[in-house]
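Novice: below is the sequence, then the predicted model.
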Amino acid sequence: MSPPHSAGGKDSGTARILGSGTSGIAELLLFHPVDTVAKRLMSNKSKVSFSTLSPIIFRDAATAPLGRRIMSLFPGLGYAAGYKVAQRVYKFGGQPWFNDLINKHYKSHFTNTFGERKGKMMMQATAGSLTGIGEVVLLPLDALKIKRQVNPEAFRGRGAIRIFMEEGTTLYRGWGWTMARNAPGSFALFGASAVTKEYVLGVTDYSKATWTQNFVASIAGAVASITVAAPLDTVKTRIQNANFDKKVHGVTVIKDLIKQEGPTAFFKGLTPKILVVGPKLVFSYTLAQTLIPMFAQYV
């Protein structure tokens with residue numbers, strides 16, 4: 001079962017930040033290598049085969065001992081930490097906040113259009129979509145993380161502070177594609193999760209869902225989200241992994257990708273992402289839901 005709330009009936013904002021932030025760090029340490037593999041596969045423009053898989057994934061460490069190959073999958077960990085923790089805190093608190101806002105001001109519009117039951121699910125999905133769009137503010141950290149994972153030469157020995165000062169708005173390249181990816185992706189994440197709880201599991205009050213019900217709904221939502229967002233995520237990744245002084249247009253990326261690699265290239269990296277969805281969501285969700293009430297006893 002989900003852990004009980006704190007004595008006040010509602011966990012404090014500080015407890016939510018600490019709990020979700022800690023779960024983000026733990027999740028990062030376990031799943032950052034898989035993210036690196038997915039990003040490198042998405043950025044690869046050559047044909048993937050069994051013989052080329054190792055050089056694509058491990059780069060210069062392809063022929064190195066196992067330990068070094070594993071460590072080569074942890075580039076950009078510092079930037080990833082800043083991004084992942086901020087993202088987890090924002091997602092855990094942002095979507096419920098948007099949902100409350102929609103409930104307060106626009107509930108009648110959703111109910112009149114979709115009905116009581118479907119309207120509730122649509123509000124959840126719409127709140128998720130708005131949360132995803134707002135996530136664009138974290139784009140610089142995401143861009144630096146991706147560059148470290150697939151194009152470390154772009155740093156040329158510069159540290160994070162110097163890069164922020166010198167590059168400025170360059171770090172927001174691909175912001176439009178990021179918003180275009182996040183809007184349907186987050187809509188599918190929270191929407192599919194709500195549909196699964198409502199129609200498959202028979203849960204009407206989402207806050208009272210058991211751990212198992214949340215687990216099943218999260219799997220359905222995450223798989224739907226990743227699949228829907230995959231094409232735009234590939235475009236965004238290729239825009240962001242270029243050198244700082246090279247401006248790459250999304251339309252150009254799409255044209256070149258279709259011409260040189262075919263339409264299926266939009267879904268490069270999808271398999272490792274989906275394969276890690278289950279344990280990743282179980283781990284991060286369970287840890288966050290365990291730590292938040294624990295921190296609430298003290299803050």
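Specialist: In hand now; what should we look at? Since the structure is predicted, the reported quantities are computational estimates derived from the model, not experimental observations.
Novice: mean confidence score for the host helix or strand of residue 161?
Specialist: Using DSSP states H and E, residue 161 sits in helix 160-167. Here helix 160-167 scores 70 as its mean pLDDT.
Novice: which parts of this protein are strands?
Specialist: Taking DSSP state E, the chain contains no strands at all.
Novice: gap between residue 153 and residue 143?
Specialist: Separation of residue 153 from residue 143 (C-beta to C-beta, to the nearest Å): 15 Å. The C-beta positions use only the backbone N, C-alpha and C, and glycine is treated the same way.
Novice: the more surrounded of these two?
Specialist: More neighbours surround residue 143 than the other of residue 153 and residue 143, with 28 against 7 (other C-beta atoms under 10 Å).
Novice: measure that one to residue 181 for me?
Specialist: Residue 143 sits 14 Å away from residue 181, taking C-beta to C-beta as the criterion.
Novice: what residues does stretch 106-115 touch?
Specialist: Outside stretch 106-115, the residues that touch it by C-beta atoms under 8 Å, 6 or more residues apart in numbering are 102, 119, 120, 121, 122, 123, 126.
Novice: typo on my end, stretch 125-138
Specialist: Stretch 125-138 is touched from outside by 83, 86-87, 90-91, 94-96, 98-99, 101-102, 110, 172, 175, 178-179, 182-191, 194, with contacts defined as C-beta under 8 Å, 6+ apart.
Novice: what residues of it count as buried?
Specialist: The neighbour-count check on stretch 125-138 (16 or more other C-beta atoms under 10 Å) flags 125-136, 138 as buried.
Novice: how far does that stretch sit from its chain's centre?
Specialist: 11 Å (C-alpha atoms, centre = their mean, to the nearest Å).
Novice: re the thing from before, inside helices: which ones of the contacts of stretch 125-138?
Specialist: 83, 86-87, 90-91, 94-96, 98-99, 101-102, 110, 175, 178-179, 182-191, 194 (DSSP state H).
Novice: output the lowest mean pLDDT helix or strand found in the protein.
Specialist: Ranked by mean pLDDT, DSSP states H and E, the helix or strand of the chain with the weakest confidence is helix 160-167, at a mean of 70.
Novice: now the helices for the stretch 101-250 of the chain?
Specialist: For the stretch 101-250 of the chain, the helices defined by DSSP state H, counting those that start in this stretch cover 116-134, 139-150, 160-167, 175-195, 211-240, 250-261.
Novice: and the nearest residue to residue 94 once chain neighbours are set aside, what's its pLDDT?
Specialist: Nearest non-adjacent residue to residue 94, counting by C-beta to C-beta, 6 or more residues apart in numbering: residue 131, 4.2 Å away. pLDDT recorded at residue 131 is 89.
Novice: if I look at residue 131, how far off is residue 163?
Specialist: From residue 131 to residue 163 the distance is 27 Å (C-beta to C-beta).
Novice: again with residue 225
Specialist: Distance from residue 225 to residue 163, by C-beta to C-beta: 30 Å.
Novice: which of those two has more neighbours?
Specialist: residue 225 (24 against 21).
Novice: if I pick the residue nearest to that one when sequence neighbours are not counted, what's in contact with it?
Specialist: Setting aside the residues directly before and after it, residue 225 is nearest to residue 189 in space (C-beta to C-beta, 6+ apart), at 3.7 Å. By C-beta under 8 Å, 6+ apart, the residues touching residue 189 are 128, 132, 221, 222, 224, 225.
Novice: ditto for residue 234
Specialist: 42, 257, 265, 266, 267, 268, 269.
Novice: do the same with residue 38
Specialist: 269, 272, 273.
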